[in-house]
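1. this one's structure only:
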């Protein structure tokens, strides 16, 4: 059960990355943050990588 959750998190992390790129290309996302703008694509990509890594850890612990 935990192992499947980890795999699902890995898939979600991998899906977020191309979705973020697609949204950036179509102009669907912009993230103003004060005096400078940080692309929301970068934020989404970092979140995707973090979710993937957490999923890998969860899958590893679930396989014991």
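-> Perfect, thanks for sending it. As the structure is a computational prediction, the values presented were derived from the model and not from experiment.
2. Only C-alpha atoms from now on, for both contacts and neighbour counts.
-> Will do.
3. so where's the protein shaky on pLDDT?
-> Applying pLDDT under 70 to the chain flags the ranges 28-38, 64.
4. At the geometric centre of it, which residue sits there?
-> residue 48 (1.2 Å; CA atoms, centre = their mean).
5. which residues of this structure fall in strands?
-> Counting by DSSP state E, the segments of the chain that form strands are 32-33, 36-37.
6. ok, back up a step: now the closest residue to the residue nearest to the centre of the chain other than its chain neighbours: how far from residue 3?
-> Nearest non-adjacent residue to residue 48, counting by CA to CA, 6 or more residues apart in numbering: residue 13, 4.2 Å away. Using CA to CA, to the nearest Å, we find residue 13 at a distance of 15 Å from residue 3.
7. Please apply the same query to residue 16.
-> 20 Å.
8. ok, now residue 17?
-> Counting by CA to CA, the gap from residue 17 to residue 3 is 22 Å.
9. do residue 43 as well
-> From residue 43 over to residue 3 (counting by CA to CA), the distance is 27 Å.
10. Just want to know which of these two has more residues nearby.
-> residue 3 (18 against 12; other CA atoms under 10 Å).
11. if I pick the more buried one, what's in contact with it?
-> The contact partners of residue 3, by CA atoms under 8 Å, 6 or more residues apart in numbering, come to 58-63.
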